[in-house]
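> What would the 3D arrangement of this be:
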Amino acid sequence: MHAFFEPTLDDLALLRTWVRGLPLATLPFPITPAVLARLTELRNQLYLKALRLQQPDAGLWLKRQSQANWEQSALASLDRLSAQPDLTPDHQQPLRFWLPPALSATLSSKDCRTVEDVIALYQHQGIAWWQGIPRLGRIGARRVEKIIEILFPGNLVKPPVVPVLSFETGIVPLERLLLPTALDGRQGHNRAGEAPFIPMAHDLEAIEAWLALYGPARHTARSYRREAERLLLWSIVTQQKALSSLDARDMATYRTFLQDPQPAQAWIGPPRTKLHPHWKPFTGPLSSRSTQHAETILHGLFGFLVQQRYWQHNPLSALPRLKAPSGAGILAVHRAFSPAQWALITAAAEHAVSSSTGQTRRKAIRTRFVLELAYTTGLRLSELIQATVGDVVTRKRQGHIQTWLSVLGKGQKLRQVPLPSQTLALLTGYYRALTGRELRQQPAETPLIPDLHDSRKAVTPLAVHKVLKGFFAELAQHCEKDDPEATDRLLKASAHWLRHTHGSVAVAQN
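Here you go, the predicted model:
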């Protein structure tokens, strides 16, 4: 449906033939179901435009009438409405000006009488705005949304919820941490006597100044924030010391703590967003490799604080460096799927797509999309989430047309991952099935893995992690009796297993 009545010559011929009661077969174009649907749409447009312009004969177009003067009146109305300029859409206008009578009457039962009323309801309730309106239903709601989106593009967007943060001293995210005055580091034993190069009054400001060097959105920044957060919380809650008072003995104790955070009920929990009331800093004890990685990050933080004359010395420098675990350079095939297990996974994902409908099918398509993209590229989850349509680049190299996916990975290093033509065709098909749009026709900043409710937004890493864990767990239940080994591996699997599976396949092919 269009906001304005702008008929083509074929539209006018179709309307006049219908008004005169002549067989539509006399028209110089085939009469298809689409043409009949267009006739109904044109009549609705004429009715609504007549209503907007306060024409007394709007009802002429609702139903064909048998009166002798109806044909003459309808043709005169058609000529008049085709020539007159339409009303400019406005939020305050009644819904009956723009929606078919049945839809506007249904909405009025919920006190939605103007366009603004519907927009306000959508912005308050989100995509489920229609569920409290009797007899509207999902299909009717989508029809209303389509019309309003044409009239007022971009208005049907639920504004982001600004969370009200409660600050407290305890095991909470940095964003909510209330630093006790006695433990904020102003009087820390390791504080330098001179003013720091960057104004940092206390330890939390010092951490934020360091994190600001890496930007808010990258995986590196999230990893660095996580380790600084864990140490600061441990220092205050467990050691009852300011971060700026920690010494080498504290850091040796912290090294042990990372490998067994106790009490577990206070420090360990499932992955959750930072807004969740039961968020925990750890999902489990850290491995030797992860402990080494955490200390490497903290060395960077401590070195920054010393360089900026905030601290006198680095308390980690007195400890012997952790060595990489034996076999650290060997590919982690114990966290990869075998070819048979991967075939099982892809078959299950395809079956989930073909056997589902509606929103469930869209979820299944996205799961299949993520599996294929992660497996064929070997990218980290954070890299997949950050990838956009503009990162898919086609170039001519060595006489061949090749497609690559540009990725900004660890250390802010840009690299290009090849996308074979078969892989690109699969990804293009999945994207079209998921969004209804062509991948190559989207703006460059459009995320490659979109949110199901708004394709302009990227899905979050936590959401993908949960979806894949749920998919693997459900598949494990189905093969529990027939394949215990696959069941065990699926229950342990995560998104990172796809990266290792990609690597193991690459090694096998060399």
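
> Outline the domain layout of the protein.
Split into domains by automatic domain parsing, the chain comes to 9-83, 95-143, 174-307, 335-509.

> I'd like to know which of those domains is closest to Leu322.
Leu322 sits nearest to domain 174-307 of all the domains of the chain, at 4.3 Å, using CB to CB. For the C-beta atoms, the positions are set from N, CA and C on the backbone; glycine is no exception.

> Straight-line length of the closest one, end to end?
23 Å (CA to CA, to the nearest Å).

> model confidence over it, on average?
Across domain 174-307, the average pLDDT comes to 90.

> same check, this time on stretch 155-168
66.

> Quick one: end-to-end distance for it.
37 Å.

> can you give me the helices for the stretch 301-450 of the chain?
Listed from the start of the chain, the stretch 301-450 of the chain has helices (DSSP state H, counting those that start in this stretch) covering 339-354, 358-377, 381-386, 421-435.

> out of those helices, nearest to Leu178?
Relative to Leu178, the nearest member of these by CB to CB is helix 381-386, separated by 29.7 Å.

> Mind giving me the packing neighbours of that closest one?
Under the contact definition 3 or more CB pairs under 8 Å, 6 or more residues apart in numbering; DSSP states H and E, helix 381-386 sits against helix 219-237, helix 358-377, strand 400-408, helix 461-478.

> Pro23 - nearest residue in space that isn't next to it in sequence?
Among residues not flanking Pro23 along the chain, Thr17 sits closest, at 8.0 Å (CB to CB, 6 or more residues apart in numbering).

> What pLDDT does the model give the one you found?
pLDDT at Thr17 comes out at 83.

> contacting residues for it?
By CB atoms under 8 Å, 6 or more residues apart in numbering, the residues touching Thr17 are 23-24, 26-27.

> One more: Arg38?
So Arg38 contacts 11, 14 (CB under 8 Å, 6+ apart).

> quick one: which of the helices of the stretch 301-450 of the chain is nearest Lys146?
Smallest distance to Lys146 across the helices of the stretch 301-450 of the chain (CB to CB): 15.8 Å, for helix 421-435.

> can you count the residues close to Tyr375?
20 (other CB atoms under 10 Å).

> Isn't it up against Trp342?
Yes: between Tyr375 and Trp342 there is a contact under CB atoms under 8 Å: 7.3 Å.

> any residues in contact with both of these two?
The contact lists of Tyr375 and Trp342 share Thr501, where a contact means CB under 8 Å, 6+ apart.

> re the thing from before, could you measure from the residue nearest to Pro23 over to Leu75?
Separation of Thr17 from Leu75 (CB to CB, to the nearest Å) stands at 11 Å.

> nearest residue to Gly137 other than its sequence neighbours?
The shortest distance from Gly137 to any non-neighbouring residue, by CB to CB, 6+ apart, is to Trp130 (7.3 Å).

> now Val237
What sits nearest to Val237 in space, not counting adjacent residues and going by CB to CB, 6+ apart, is Ile171, at 5.9 Å.

> Give me the pLDDT value at that neighbour.
93.

> mind starting the numbering at 53 from now?
In the new numbering, first residue 53, that becomes Ile223.

> which element is it on?
Ile223 is part of no helix or strand when elements are defined by DSSP states H and E.

> List the residues that contact it.
285, 289, 318-319, 332-333.

> Which two among those are spaced furthest apart?
With CB to CB as the measure, no two of these lie farther apart than Val289 and Lys332, at 12.4 Å.

> Comparing these two, which shows the higher neighbour count?
Taking other CB under 10 Å, Val289 and Lys332 do not tie; Lys332 has more neighbours (18 against 15).

> Now the phi/psi pair for the closest residue to that one other than its chain neighbours, please.
If the residues on either side of it in the chain are set aside, Lys332 comes closest to Gly321, at 3.3 Å by CB to CB, 6+ apart. For Gly321, the backbone dihedrals (degrees, to the nearest 10) come out as phi -160, psi 170.

> My read is that Gly321 contacts Pro313, right?
No: with contact defined as CB under 8 Å, Gly321 does not count as touching Pro313 (10.5 Å).

> shared neighbours, those two?
Shared contacts of Gly321 and Pro313, counting by CB under 8 Å, 6+ apart, come down to Phe334.

> Most tightly packed of the helices of the stretch 353-502 of the chain?
Compared across those, helix 433-438 shows the largest average neighbour count, a mean of 22 (mean count of other CB atoms under 10 Å).

> got a pLDDT number for Gln464?
pLDDT, read off for Gln464, is 60.

> Kindly report the same for Lys448.
pLDDT, Lys448: 69.

> Sketch out the low-pLDDT regions of the stretch 453-562 of the chain for me.
460-465, 554-562 (pLDDT under 70).

> What residues does Gly222 make contact with?
Counted by CB under 8 Å, 6+ apart, Gly222 has contacts Val289.
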